[in-house]
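Asks: the sequence isn't on hand, but the structure is:
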């Protein structure tokens, strides 16, 4: 067992965990934040995507004890049913899901993607590494490739992210 | 996952010393590969030494005009670094061709070099694998070999090294800086860092037990066009069937390294010398002595054609 203190959605949370506990299991099983989903549990599907210190990661592939003092943002920290984050509202508006299981990961990833583009981080499809990146459909598709949707809602997910990106520029 | 004890290291030398103190200890940085393998009990460390607090996350200019990349620099940060994008575009491109945004945010420079193979038989614990269990045999030979190595193989192992970044590092003549448990440091040329499988495919690098990577250094920029072309089964987020990393100068000279074909990033200096003569000549030298299977023989012409496309892009 090992002690760790995390800041989750703005609140300090002290936990005593088996060292094997992933960040994902700490959130779901110990903090009852079940919005973050366990899909493949091997970093291949993106359903477990959360933000740590502002950066999106797969919470299934990191140990909770490795995050002492880190700030974790989950889907529950982005918005609430009565006060949706613009990305959540856009997913609803554009029907960016079917079963909804991948959706929290998609939304956390999408919010981070727009921040990454703003920060000038290039992608595999960026034609020129030395200029500012654009929020084109090709860029968004490439950057969202770590989030799988087996219902195949990709085109609507793209529409939702495109709308939020448009509102930001 | 098997249980393990956990500690946070306080300095690189202390981390190396801690690794020698405990049998079965492993370093953990990004953890994206190690934890995946621990869940499958392919990796079963008894003790994890967390090196994330070691402040090895800077990218500095060296006195020789190159770059010193800290072992813990994340793939995203390395790909986005202004100097890397400007002077080592090949490295930036290779990093961006690998994994997903989430994984690149976590994966480190040193960890990327130490990635284990994605050979399906290494992952399937019901199958023999000389890499996972030395001496047990190789189920890949005679099995499903489409993604596997075509050159530098042995009768014990036909796995590939999965990294894109390492291909760029090989073409860029990087040096891997390390510290050992007694505090001594050394620089290992990337050409000597990854081993061929031979009879001991479980020994993948020339690191000694407890040795910790602290940085990867790049010589001063060599100019030229930097191109990384990766051929894979999906447009994004898949390992390479074949990848070509090249630096091409205006006069047609240059250097090239391959991914997806061997147990290590594949470069043959004699092939570099053929670059002005075109893709066929280069591919012949690069792949001399290749031993593909029926299922992966397609990689040989694929290398030549991908190289042809890269050289055409460099001219255009």
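Replies: Structure's in. What do you need? Remember, it's a predicted structure, so these values are computed and weren't measured experimentally.
Asks: which residue does chain A bring closest to chain B?
Replies: Closest to chain B within chain A is residue A:146: 2.5 Å, counting by CB to the nearest CB. For the C-beta atoms, the positions are set from N, CA and C on the backbone; glycine is no exception.
Asks: chain A contacts on chain B?
Replies: Within reach of chain A by CB under 8 Å from any CB of the partner chain, chain B has these residues: B:1, B:3-6, B:28, B:31-32, B:35-36, B:39, B:48, B:50, B:52, B:76, B:79-80, B:85-86, B:89, B:92-93, B:96-97, B:99-103, B:105-106, B:234-237.
Asks: not counting its neighbours along the chain, what's nearest the residue of chain B found nearest chain A?
Replies: With CB to the nearest CB, the shortest gap between chain B and chain A falls at residue B:100, namely 2.5 Å. In this structure, residue B:100 finds its nearest non-sequential neighbour in residue A:146, 2.5 Å apart by CB to CB, 6 or more residues apart in numbering or on different chains.
Asks: so what's the residue count around the one you found?
Replies: 25 (other CB atoms under 10 Å in any protein chain shown).
Asks: that one: what secondary structure?
Replies: coil (DSSP: H, G, I helix; E, B strand; the rest coil).
Asks: buried only: go through the residues of chain B next to chain A for me.
Replies: B:1, B:4, B:6, B:28, B:31-32, B:35-36, B:39, B:48, B:50, B:52, B:76, B:79-80, B:85, B:89, B:92-93, B:96-97, B:99-103, B:105-106, B:236-237 (16 or more other CB atoms under 10 Å in any protein chain shown).
Asks: from those residues, which ones fall inside strands?
Replies: Secondary structure from DSSP state E places B:6, B:28, B:48, B:50 of those in strands.
Asks: of all pairs in the residues you listed, which one is the farthest apart?
Replies: Taking CB to CB, the two most distant members of those are B:6 and B:28; they sit 8.6 Å apart.
Asks: tell me, what's touching these two both at once?
Replies: Common contacts of residue B:6 and residue B:28 (CB atoms under 8 Å, 6 or more residues apart in numbering or on different chains): A:63, B:48, B:50.
Asks: can you tell me how far the nearest residue to the last one once chain neighbours are set aside is from residue B:54?
Replies: Spelled out, it's residue B:50. Once flanking residues are discounted, residue B:50 sits nearest to residue B:8: 4.7 Å by CB to CB, 6+ apart. Using CB to CB, to the nearest Å, residue B:8 is found at 9 Å from residue B:54.
Asks: those two: which has the busier surroundings?
Replies: Ranked by neighbour count (other CB under 10 Å), residue B:8 and residue B:54 place residue B:54 first, with 21 against 16.
Asks: which pLDDT value belongs to the more buried one?
Replies: At residue B:54, the model reports a pLDDT of 97.
Asks: so who does it touch?
Replies: By CB under 8 Å, 6+ apart, the neighbours of residue B:54 are B:9, B:11-12, B:15, B:71-72.
Asks: find the centremost residue of chain A, please.
Replies: By CA atoms, centre = their mean, chain A has its centre lying nearest to residue A:108, at 2.5 Å.
Asks: now that residue: which helix or strand?
Replies: Assigned by DSSP states H and E, residue A:108 belongs to helix A:103-118.
Asks: other SSEs contacting that helix?
Replies: Judged by 3 or more CB pairs under 8 Å, 6 or more residues apart in numbering or on different chains; DSSP states H and E, the packing partners of helix A:103-118 are strand A:49-52, strand A:55-58, helix A:75-78, helix A:86-94, helix A:137-143, helix A:154-168, helix B:101-106.
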